[in-house]
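S.K.: from the sequence below, what's the structure:
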Amino acid sequence: MIGWVAVAGIALAAWVWLVLVRGFFWRTDQRLPAGAALAEWPEVAIVVPARDEADVLPSSLPSLLAQRYPGPARVILVDDNSSDGTAELARRLGQDSLLPLTVTSPGQPPEGWTGKLWAVAHGISVAGPVEYLLVTDADIAHEPDSLAALVGAAGERDLVSLMATLRVETLWERLIVPAFVYFFALLFPFRWVNRPGSRTAAAAGGCVLIRRSALENAGGYAAIAGAVIDDVALAGLLKRAGGRIWLGLADRVRSVRPYPGLAGLWRMVARSAYTQLRHSLILLTGTVAGLLLVFVAPPVTAILGAATENWLVCGLGAAAWLLMAGSFVPMLRHYRLPVATALVLPVTAVLYLAMTVDSARRHLLGRGAAWKGRTYSTVRG
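M.R.: Prediction:
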């Protein structure tokens with residue numbers, strides 16, 4: 001049992017370090033700062049890339065068209081070669097709206113571009129010389145004061161991004177979605193992202209307000225044209241160029257996209273997991289080992305120790321398990337879910353491990369990052 005003592009002890013030490021040193025990633029207090037009322041509100045273009053989004057547009061686009069923004073603003077929906085009537089539906093939804101709507105299409109993306117980024121770049125070209133761009137996904141709904149709150153909070157920041165509240169209505173959504181945000185924060189602690197001197201950079205692609213001059217000075221979307229994880233790539237681009245960025249959890253911005261079963265959530269994670277590991281089998285092996293040690297070893301050693309009456313192993317494993325569960329509680333509260341479900345986080349971690357391995361399998365089979373009929377096998381992260 002000496003080996004199990006070592007495993008349980010290392011897992012506990014890892015959780016002590018994660019909870020105390022890893023940028024307090026588990027806290028959910030990074031929320032949009034209150035902005036002062038501006039004497040003159042800058043012009044904003046809201047760019048919405050959309051590919052086959054007819055199912056969700058009625059729940060999201062009207063919320064953008066109804067923004068109560070004190071300055072000039074317009075919405076540009078970029079139809080990325082949809083086959084489900086997305087453009088026609090958008091035009092109907094834009095009739096008699098508070099903000100003007102432009103529906104445009106960029107054609108097929110050139111070599112080296114992902115479809116979404118090509119659509120966003122086209123939307124920016126249509127927007128003209130505005131001061132700010134709000135790039136928001138077609139499945140994201142905004143409260144009427146969302147745009148004003150984002151611009152008011154921007155201040156000297158060049159990028160302000162909100163992690164939209166995702167749906168947690170089905171069993172699979174409740175099991176996987178809060179953990180998705182939790183793991184994202186573990187990889188990119190929001191406090192570190194928001195610290196000007198930190199090298200950590202990330203954004204949430206569903207809701208990103210960008211100062212146009214800072215984007216152009218950094219090279220624009222052309223500099224990240226092939227990025228699959230485009231939000232993180234964009235944040236890194238701006239931060240390396242000296243821009244100030246901010247990322248937090250949203251209270252009034254939400255995703256309306258449903259994930260009724262496991263398959264849709266699996267595709268969402270597997271699409272980019274191996275890209276996050278830079279398509280490295282070495283990093284994949286290390287990630288699998290790390291997930292097993294940090295998330296699976298605590299409950300296994302706690303239960304094994306109790307079954308064999310080795311109370312040292314049981315105590316170390318149980319302490320690590322409780323630290324893990326405790327770090328997940330704030331995210332569960334953010335999503336208004338029972339805190340007791342924090343104890344099943346190891347089960348969710350195993351699912352994410354399987355999704356990550358499947359992501360690597362798909363890439364090795366040449367399917368790469370597949371999304372809505374397109375596959376990106378060689379583009380960067």
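S.K.: how close does residue 77 get to residue 85?
M.R.: 13 Å (C-beta to C-beta, to the nearest Å). The C-beta positions use only the backbone N, C-alpha and C, and glycine is treated the same way.
S.K.: cool, and residue 156?
M.R.: Separation of residue 156 from residue 85 (C-beta to C-beta) stands at 42 Å.
S.K.: who has more neighbours, those two?
M.R.: residue 85 (13 against 8; other C-beta atoms under 10 Å).
S.K.: give me phi/psi at that one?
M.R.: Main-chain dihedrals, residue 85, degrees, to the nearest 10: phi 80, psi 30.
S.K.: if I read this right, it contacts residue 53, doesn't it?
M.R.: No. Using C-beta atoms under 8 Å, residue 85 is not in contact with residue 53; the gap is 10.1 Å.
S.K.: which residues in the stretch 201-350 of the chain form helices?
M.R.: 212-218, 230-240, 262-276, 281-291, 297-307, 311-334, 345-364 (DSSP state H, counting those that start in this stretch).
S.K.: from the ones you listed, which stretch is densest packed?
M.R.: The highest mean neighbour count among the helices of the stretch 201-350 of the chain, using mean count of other C-beta atoms under 10 Å, belongs to helix 230-240: a mean of 23.
S.K.: and that helix, what does it pack against?
M.R.: The contact analysis (3 or more C-beta pairs under 8 Å, 6 or more residues apart in numbering; DSSP states H and E) places helix 230-240 against strand 159-165, strand 207-211, helix 212-218, strand 245-255.
S.K.: and of the ones you listed, who's closest to residue 335?
M.R.: Taking C-beta to C-beta, strand 159-165 is the member of these nearest to residue 335, at 7.4 Å.
S.K.: could you tell me the angle between the closest one and strand 207-211?
M.R.: Put simply, strand 159-165 runs at 170 degrees to strand 207-211, going by axes from the mean of the first three to the mean of the last three C-alpha atoms, to 10 degrees.
S.K.: beyond strand 159-165, next helix or strand please.
M.R.: The first helix or strand that comes after strand 159-165 along the chain, using DSSP states H and E, is helix 171-187.
S.K.: buried stuff in that next one?
M.R.: 172-186 (16 or more other C-beta atoms under 10 Å).
S.K.: nearest to residue 275, of the residues you listed?
M.R.: Nearest member of the buried residues of helix 171-187 to residue 275, counting by C-beta to C-beta, is residue 184, at 14.2 Å.
S.K.: kindly provide the distance from residue 138 to residue 29.
M.R.: Counting by C-beta to C-beta, the gap from residue 138 to residue 29 is 29 Å.
S.K.: quick one: which of those two has more around it?
M.R.: In terms of neighbours (other C-beta under 10 Å), residue 138 is the more surrounded of residue 138 and residue 29; the figures are 27 against 10.
S.K.: what about the more buried one, distance to residue 230?
M.R.: 15 Å.
S.K.: quick one, helices of the stretch 1-150 of the chain?
M.R.: Along the stretch 1-150 of the chain, counting by DSSP H, counting those that start in this stretch, helices occupy 2-21, 57-65, 86-93, 115-127, 146-154.
S.K.: so which of those is nearest residue 288?
M.R.: Residue 288 lies closest, by C-beta to C-beta, to one member of those: helix 2-21, at 15.1 Å.
S.K.: how close does the residue most central in space within the chain get to residue 10?
M.R.: The centroid of the chain falls nearest to residue 204 when counting by C-alpha atoms, centre = their mean (4.2 Å). Separation of residue 204 from residue 10 (C-beta to C-beta): 32 Å.
S.K.: next one: residue 207
M.R.: Counting by C-beta to C-beta, the separation of residue 207 from residue 10 is 38 Å.
S.K.: and for residue 338?
M.R.: The gap separating residue 338 from residue 10 is 30 Å, by C-beta to C-beta.
S.K.: swap in residue 222?
M.R.: Look at residue 222 and residue 10: by C-beta to C-beta, they are 45 Å apart.
S.K.: which one's more surrounded, these two?
M.R.: Legend: neighbour count by other C-beta under 10 Å for residue 222 and residue 10, higher for residue 10 (15 against 11).
S.K.: which ones are touching the more buried one?
M.R.: The contact partners of residue 10, taken as C-beta atoms under 8 Å, 6 or more residues apart in numbering, are 293, 297.
S.K.: dump the residue contacts of residue 187.
M.R.: Residue 187 sits next to 202, 276 when contact means C-beta under 8 Å, 6+ apart.
S.K.: and the pLDDT for it?
M.R.: Residue 187 is assigned a predicted lDDT (pLDDT) of 97.
S.K.: from residue 97, how far off is it?
M.R.: Taken as C-beta to C-beta, the span from residue 187 to residue 97 is 38 Å.
S.K.: same thing with residue 16?
M.R.: Taking C-beta to C-beta as the measure, residue 16 and residue 97 are separated by 53 Å.
S.K.: can you check residue 298 too?
M.R.: Look at residue 298 and residue 97: by C-beta to C-beta, they are 52 Å apart.
S.K.: what do you get for residue 151?
M.R.: When residue 151 is compared with residue 97 (using C-beta to C-beta), they lie 19 Å apart.
S.K.: ok, the two, which is more surrounded?
M.R.: Counting neighbours by other C-beta under 10 Å for residue 151 and for residue 97 shows that residue 151 has the greater number, 23 against 15.
S.K.: could you list the low-pLDDT ranges of the stretch 1-150 of the chain?
M.R.: 1 (pLDDT under 70).
S.K.: 90 instead?
M.R.: Along the stretch 1-150 of the chain, the model assigns pLDDT under 90 to residues 1-2, 33-37, 39, 96.
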